[in-house]
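**Q** can't give you the sequence, but here's the structure:
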């Protein structure tokens with residue numbers, strides 16, 4: 001009996017364990033099913049960022065070596081007559097001191113011309129803005145429609161009476177078909193043509209008149225433009241009918257024995273013809289005015305953009321002229337001693353003329369640049385210097401000299417550029433390798449985005465991608481990950497200066513906009529329904545323990 005109760009107790013324990021296992025399996029399967037439904041593994045992941053303002057620095061990089069004590073030959077970048085020499089051999093000079101100057105008459109004239117051109121471009125832009133403003137264009141177009149409606153109204157004052165007068169002429173005995181046909185085939189052809197055109201004009205007038213009665217000056221522009229065109233065609237057909245009738249009458253005057261019978265008719269037709277010609281001219285002018293003013297809307301923005309571009313070009317030209325002026329004044333690139341001054345006031349100098357030689361105990365970096373990079377470099381541009389032997393040291397410097405004649409090696413032209421150190425460090429030794437980054441351009445406080453955000457369309461234009469705010473919600477910082485099966489839209493942009501990490505946005509975006517800076521395509525993972533047996537941890541053959549308990553004898 002005791003054995004029986006022990007077996008019963010084992011059975012109850014086994015049953016509880018099986019119930020717990022089944023419950024765990026149900027929870028596990030439910031979790032897997034929920035995960036498979038809600039998973040976004042297959043969606044593309046987008047990194048969103050808020051557009052901000054910052055600084056973009058353009059630079060050119062080169063490498064070379066450090067020189068210990070050095071001397072630099074001072075050479076002008078332009079040609080001209082020497083007008084000033086402010087030093088003599090042996091003089092101590094400080095960095096920035098004016099040493100030589102050349103005749104800058106041409107440079108000053110270039111600046112004046114550039115300033116005049118810039119002012120002319122400003123005036124042209126102002127005039128374009130005034131002439132092409134939406135308010136003016138709308139006013140001009142509205143007047144064109146109003147004038148066109150007036151031309152239609154004027155035409156309808158004469159069209160009915162002219163048609164009636166022409167009909168009365170057809171009904172006179174002298175111009176009846178039978179009377180005219182006696183004058184031969186030419187006369188018959190004239191009257192047939194006149195009758196046919198009169199019929200067309202009368203039919204066109206009936207429809208034209210019905211359409212005109214439904215309109216007034218406040219009707220839609222499309223309806224007014226349509227009635228102008230329709231009235232022009234009606235008037236043209238009637239004018240052709242009058243001309244044919246006049247040809248007939250003139251023929252009868254030439255070939256009739258009683259030409260006086262047709263003289264009055266000829267005068268009447270002449271007056272009709274002049275009246276219709278006046279209406280045709282007025283209606284055609286209205287058509288052209290409307291077309292021209294409508295075209296002006298599409299051309300206005302192009303005119304303004306063209307004027308703005310011209311203004312920008314003139315601003316650049318003025319800045320270039322001012323930069324060119326500085327080339328006529330040669331200053332000490334660093335403090336030192338004048339070793340020689342081999343020139344005199346009044347002599348002519350060119351880009352190869354040595355005006356003087358300055359010696360300094362400061363260290364210099366001499367780097368080599370290719371012909372593309374050296375074209376961007378100018379004297380006194382700032383540079384950053386780093387050293388392989390001293391990884392933690394960075395020194396600022398300034399471009400002190402640029403070779404005017406390059407060195408050709410295996411078909412490649414390189415130019416040496418010397419950079420003076422702003423500060424001296426005893427750890428820097430002569431002959432050390434140096435890397436220099438020369439700042440050639442910089443813009444500050446401009447709208448910038450990461451380079452990875454800018455895409456190029458098939459037509460060569462640039463764009464960025466962005467989602468609607470209703471899709472992404474609020475984004476307050478950078479590098480927010482957003483998963484979506486939707487494809488972001490494209491925003492056309494105009495780019496400016498770029499560096500290794502960022503690019504300037506001239507138009508198309510503003511600070512605070514949210515854009516896509518990176519996207520990663522999603523992956524789809526095959527999902528299998530979890531097996532109850534696997535969830536337990538093995539096959540039926542491998543399971544034992546409580547599951548095998550049973551009541552026995």
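**A** That came through, no problem. As the structure is a computational prediction, the values presented were derived from the model and not from experiment.
**Q** Now do the helix ranked longest in the chain: which elements does it pack against?
**A** The helix that spans the most residues within the chain, counting by DSSP state H, is helix 260-326. Contact partners of helix 260-326 among helices and strands, from 3 or more Cβ pairs under 8 Å, 6 or more residues apart in numbering; DSSP states H and E: helix 105-131, helix 134-170, helix 221-255. C-beta coordinates here come from the backbone N, C-alpha and C atoms, glycine included.
**Q** Switch the ones you listed over to a markdown table; also include mean neighbour count, mean pLDDT and distance to residue 517.
**A** Formatted as a markdown table, the helices and strands packed on helix 260-326 follow (neighbours: other Cβ atoms under 10 Å; pLDDT from 0 to 100; distance: least, Cβ to Cβ, whole Å):
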| stretch | mean neighbour count | mean pLDDT | distance to residue 517 |
| --- | --- | --- | --- |
| helix 105-131 | 15 | 78 | 36 |
| helix 134-170 | 16 | 86 | 36 |
| helix 221-255 | 20 | 91 | 46 |
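**Q** Include distance to residue 501 when you put these into TSV, please.
**A** Shown next, in TSV, are the helices and strands packed on helix 260-326 (distance: least, Cβ to Cβ, whole Å):
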stretch	distance to residue 501
helix 105-131	34
helix 134-170	40
helix 221-255	52
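**Q** Let me know which of these is the nearest to residue 213.
**A** When the helices and strands packed on helix 260-326 are compared by Cβ to Cβ, helix 134-170 sits nearest residue 213, at 9.5 Å.
**Q** So which elements touch the closest one?
**A** Counting by 3+ Cβ pairs under 8 Å, 6+ apart, helix 134-170 packs on helix 185-213, helix 221-255, helix 260-326.
**Q** quick one on the thing from earlier: after the longest helix of the chain, which helix or strand is next?
**A** Towards the C-terminus, the helix or strand next in line after helix 260-326, according to DSSP states H and E, is strand 329-331.
**Q** Just give the strands next to that next one in its sheet, each with its orientation.
**A** strand 98-102 (antiparallel) (DSSP bridges).
**Q** confidence score at residue 454?
**A** pLDDT for residue 454: 92.
**Q** How many neighbouring residues does the closest residue to residue 229 other than its chain neighbours have?
**A** Nearest residue to residue 229 in three dimensions, chain neighbours excluded: residue 287, at 6.6 Å (Cβ to Cβ, 6 or more residues apart in numbering). Residues within reach of residue 287, counting by other Cβ atoms under 10 Å, total 17.
**Q** And residue 287, how close does it get to residue 480?
**A** Between residue 287 and residue 480 the computed distance is 57 Å (Cβ to Cβ, to the nearest Å).
**Q** Then residue 229?
**A** Distance, residue 229 to residue 480, using Cβ to Cβ: 57 Å.
**Q** does the closest residue to residue 382 other than its chain neighbours sit in a helix, a strand or a coil?
**A** Once flanking residues are discounted, residue 382 sits nearest to residue 439: 5.0 Å by Cβ to Cβ, 6+ apart. Under DSSP: H, G, I helix; E, B strand; the rest coil, residue 439 falls in the strand class.
**Q** pLDDT value on residue 439, please?
**A** For residue 439, the pLDDT comes out at 91.
**Q** Do I have it right that it meets residue 61?
**A** No. Counting by Cβ atoms under 8 Å, residue 439 does not reach residue 61; the two are 10.9 Å apart.
**Q** Those two: which is more packed in?
**A** Taking neighbours as other Cβ under 10 Å, residue 439 and residue 61 compare with residue 439 leading, 16 against 13.
**Q** I'd like the distance between the more buried one and residue 319.
**A** The value you get for residue 439 to residue 319, if Cβ to Cβ is used, is 17 Å.
**Q** and if you look at residue 309?
**A** Per Cβ to Cβ, residue 309 is found 16 Å from residue 319.
**Q** ok but residue 342 is inside a helix, no?
**A** No. Assigned with three-state DSSP, residue 342 falls outside any helix and is coil.
**Q** helix/strand/coil for the closest residue to it other than its chain neighbours?
**A** Leaving aside its sequence neighbours, residue 342 sits nearest to residue 354 (Cβ to Cβ, 6+ apart; 6.4 Å). Secondary structure, three-state DSSP: residue 354 is coil.
**Q** hmm, back to that, mind listing what the residue nearest to residue 229 touches?
**A** Going by Cβ atoms under 8 Å, 6 or more residues apart in numbering, residue 287 touches 148, 228-229, 232.
**Q** ok, now residue 180?
**A** By Cβ under 8 Å, 6+ apart, the residues touching residue 180 are 187-188, 190-191, 248, 252.
**Q** Any regions of the stretch 301-450 of the chain where pLDDT drops low?
**A** Scanning the stretch 301-450 of the chain for pLDDT under 70 picks out 301-306, 361.
**Q** Repeat the analysis, applying 50 as the threshold.
**A** Along the stretch 301-450 of the chain, no part satisfies pLDDT under 50.
**Q** can you give me the helices for the stretch 451-553 of the chain?
**A** 469-472, 532-536 (DSSP state H, counting those that start in this stretch).
**Q** tell me the domain ranges of this protein?
**A** 2-41+527-548, 134-309 (automatic domain parsing).
**Q** of all those, which lies closest to residue 66?
**A** domain 134-309 (45.4 Å).
**Q** chain center to that closest one: distance?
**A** 47 Å (Cα atoms, centre = their mean, to the nearest Å).
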